[in-house]
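Undergrad: Kindly return the folded structure for what I paste below:
(6 chains)
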4 protein chains.
Amino acid sequence: MTSSSRAVGRPRVPNLDERVLDAARTVYGDRGWSGFTVDEVAKRAGVGKGSLYLRWPNKAALLVDAVRSAAPSVGNINLGNLELDLREFARQWMAFAQSIEGLMTSRLLMDRQSNKELAEVIGELDYPDYIRATRALVRRAVERGEIDPGITPTLIADLVAGAITTHVRSTPPGLAQVAHTESYLTQLVNTVLRGVGYRNPSPEDSPSP
Amino acid sequence: MTSSSRAVGRPRVPNLDERVLDAARTVYGDRGWSGFTVDEVAKRAGVGKGSLYLRWPNKAALLVDAVRSAAPSVGNINLGNLELDLREFARQWMAFAQSIEGLMTSRLLMDRQSNKELAEVIGELDYPDYIRATRALVRRAVERGEIDPGITPTLIADLVAGAITTHVRSTPPGLAQVAHTESYLTQLVNTVLRGVGYRNPSPEDSPSP
Amino acid sequence: MTSSSRAVGRPRVPNLDERVLDAARTVYGDRGWSGFTVDEVAKRAGVGKGSLYLRWPNKAALLVDAVRSAAPSVGNINLGNLELDLREFARQWMAFAQSIEGLMTSRLLMDRQSNKELAEVIGELDYPDYIRATRALVRRAVERGEIDPGITPTLIADLVAGAITTHVRSTPPGLAQVAHTESYLTQLVNTVLRGVGYRNPSPEDSPSP
Amino acid sequence: MTSSSRAVGRPRVPNLDERVLDAARTVYGDRGWSGFTVDEVAKRAGVGKGSLYLRWPNKAALLVDAVRSAAPSVGNINLGNLELDLREFARQWMAFAQSIEGLMTSRLLMDRQSNKELAEVIGELDYPDYIRATRALVRRAVERGEIDPGITPTLIADLVAGAITTHVRSTPPGLAQVAHTESYLTQLVNTVLRGVGYRNPSPEDSPSP
DNA sequence: CGGTAATCGAGACGGTACGTCGCGTCTTCGA
DNA sequence: TCGAAGACGCGACGTACCGTCTCGATTACCG
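TA: Next up is the predicted model:
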């Protein structure tokens, strides 16, 4: 049908992409951004620089791709009620925000504010698809009668995702503070639920009645 | 005197620092970290690179200094009750998030996640001092009995500031949507207030019950 | 007076040029054109590539300069009569034609035939200054009454230089054939002298009277 | 039949060689050795690089073949006496020197001086076959008693061809100076004839003694 | 009031990585 | 079986930037 892939000339080696992405992740993990060298990645992947630049326009794009392909974004969530759904969303988003993929995505979203060409290229990045994910989540909650129909889905997504992102970004990179994480998420989700007037049909660990 | 070896030789030009910091902010705002070049900053400030390295040990330190010295942050807010305080804070933060300084601060906090040199220089950046600003604000609300003492001040700050930042960043640069802003803030603040169990003791601009 | 050299900024290291040119000659001598690498030249000269490209626009220009600066072109010749002058000119030109400098010069003269921009840059290259050298030489011969005034100086230069150049170019690069050289030059010069009706006032080793 | 394993599969395209050689000449004529790219030649000939390397082992061999197969060289000349022969040879060589083929041949002879691969491939290029052409010419002149037997045929060829080549190459590309050409050739040939002691036995277009 | 010493703008310096280009080889599909 | 298209590993090119250095020209103070 829409065979945009040309069937002419030597086909690209299929697993080459993955070899390069693997090498990129290794190098980035070992040496960080300042030691993230295209030559090094190419050498470690056993690949010529030419083949590499046939696929990615520059080393930033390569890194973004390497990171993105390793950590999937936020998936569909449907656990039965808004409380569980939101808690799971928060957990996934926290992981995303702490990942390099999330970092890169944020950077792209910011750079487009001042870079016109970038803005056009980025278009509808995956980032705002967290909105899509939560929109369905909120709609179901309304249908179940858990919250009022007047609640803006965007607001809930902004609150949860925004608080988490801000929290993570404010934390210096060294401290993982895993222990602190879970209770923070619980408190956050509970607060948001109360804020939107959540009435849970099957009480689980909600605040006092 | 405590002058170990000072006061000899030509004194440093006083406003040179500020000229450089201004130029640094401009360049970083325009082109981001990858376009943040020492030569460019020096040229735009009309300053020799030598004088520049006389003051900052490397370009990361310079950038951090530039951003830090520009961040107006959030001033002290005390309007009588939490509702007014939070609304004012939201307004200020919205302005900050949309400003160049806010953009730069966000960028800097992100770049440090992947840039070792930056992370070392930044340390405890001023960004989290929005927490300090809100901490007092929440403490007073507790004292006035408007909210429960168990509420974490950090969480409130994260919610309001985070939702706003995310909202602004998700918006494509073209759409200013000023009209939409005020109602968004109102809805946001109301939701947060409800979430933390706010009960206003002295009704001000709400109709009598 | 015409101080085109700027007196601002750090002055260029004076002997750096010569260090680079030396290294260039060494590398070219060791490895030939295909092994003549800019990185290698820079490394062997202990010089950054940047400084190198500050002085020469590309590696061809560097090589030309390296070669040119080692072998001066044809100098002024004045030995008393046309026979001696011409013989000396032939010898010098033979050396020039066999040198890499001569090679490069020839190449430039040819490339300008098909390259408009090159033609403008080259302008009056040093090559045609062999005409200047011989013009004076022939003029003096006419003044001494050794040859007729109707003889075109250009023709004599074309004959001697052209025959030598053609002879050298036709010879494969391996064979130096030094032995053959001197007698060839003698025969060549004698033929040309006879061709222009040379009457030697002080017979030396001219052909039969 | 003698078909051991032939006549099976697609037969080779016959004029493919010539298409490639044409393209090679065009590219080399336009851009010289440094711009002589295999990819460019293949593209311009509408030929795959594979087919190209099926016929020539490397690009040097291809180039030599291209130039060699185009050089019209100098045909057999036999007009009755040396004067007429030499004048005709001069005219032909002048045309050759001004032609694209002549330019390419000269270039090739030069490039081999600095390019090892080229030198190995070229070996005894056809260029010196102008010597063969003139050798017969001079031999007949000796047999007719027009010049002394001691004259080296090579020298005459070098003088005439060399002077013409040098003259043409020294001329900037803009000036065609066609008018000047014929008289230059006459003067040149006359000088060379006098130089080798030419005495024409059967006057043809000169007035009676 | 003239010497001394630090600072200024300017820009060259040694390195290192970037992204591009070309060679000669290879691998596919269509003719 | 051949041919076109073009991807592949390799390696050099010319550019950009960092952080350091060297220049002549200021500009204070200190003796």
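
Undergrad: contacts, neighbours, all on C-alpha from now
TA: Noted.

Undergrad: CA-only coordinates of stretch A:16-23 in CSV, if you can.
TA: The C-alpha trace of stretch A:16-23 is given here as CSV (Å, rounded to 0.1, in the frame of the first residue of the first chain):
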residue,chain,number,x,y,z
LEU,A,16,22.5,-2.2,12.4
ASP,A,17,20.2,0.3,14.0
GLU,A,18,19.9,-1.7,17.1
ARG,A,19,23.7,-2.3,17.3
VAL,A,20,24.3,1.4,17.1
LEU,A,21,21.6,2.2,19.7
ASP,A,22,23.1,-0.4,22.0
ALA,A,23,26.5,1.0,21.6
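
Undergrad: Could you check which residue of chain A lies nearest chain C?
TA: At 16.3 Å from chain C, A:Asp39 is the closest residue in chain A, using C-alpha to the nearest C-alpha.

Undergrad: So what does the nearest residue to A:Ile151 once chain neighbours are set aside look like in phi/psi?
TA: Distances taken as C-alpha to C-alpha, 6 or more residues apart in numbering or on different chains put A:Val196 closest to A:Ile151, at 7.0 Å, once the chain neighbours are dropped. For A:Val196, the backbone dihedrals are phi -100, psi 10 (criterion: degrees, to the nearest 10).

Undergrad: any idea how far A:Leu155 is from A:Val196?
TA: Distance of A:Val196 to A:Leu155, given as C-alpha to C-alpha, to the nearest Å: 10 Å.

Undergrad: Is the residue of chain A found nearest chain D part of a helix or strand, or is it coil?
TA: Across chain A, the shortest distance to chain D (C-alpha to the nearest C-alpha) belongs to A:Gly9, at 10.1 Å. Per DSSP: H, G, I helix; E, B strand; the rest coil, the local secondary structure of A:Gly9 is coil.

Undergrad: which residues does A:Glu146 contact?
TA: A:Asn81, A:Leu82, A:Tyr198, A:Arg199, A:Asn200, A:Pro201 (C-alpha atoms under 8 Å, 6 or more residues apart in numbering or on different chains).

Undergrad: which is the next helix or strand following the lowest-mean-pLDDT helix or strand in chain A?
TA: Across the helices and strands of chain A, mean confidence by mean pLDDT, DSSP states H and E is lowest for helix A:116-122: a mean of 55. Next helix or strand after helix A:116-122 toward the C-terminus (DSSP states H and E): helix A:129-143.

Undergrad: and the angle from the next helix or strand after that next one to helix B:153-170?
TA: Remark: after helix A:129-143, the chain's next helix or strand is helix A:153-170, criterion DSSP H and E. With axes from the mean of the first three to the mean of the last three C-alpha atoms, to 10 degrees as the basis, helix A:153-170 and helix B:153-170 are set at 110 degrees to each other.

Undergrad: is any part of helix A:153-170 close to chain B?
TA: Yes - shown here: helix A:153-170 in contact with chain B (C-alpha under 8 Å from any C-alpha of the partner chain) through A:155, A:158-167, A:169-170.

Undergrad: helices and strands around that helix, which ones?
TA: helix A:82-98, helix A:129-143, helix A:178-195, helix B:100-114, helix B:153-170 (3 or more C-alpha pairs under 8 Å, 6 or more residues apart in numbering or on different chains; DSSP states H and E).

Undergrad: buried sites along the first one?
TA: If I follow you right, that is helix A:82-98. The neighbour-count check on helix A:82-98 (16 or more other C-alpha atoms under 10 Å in any protein chain shown) flags A:82-83, A:85-98 as buried.
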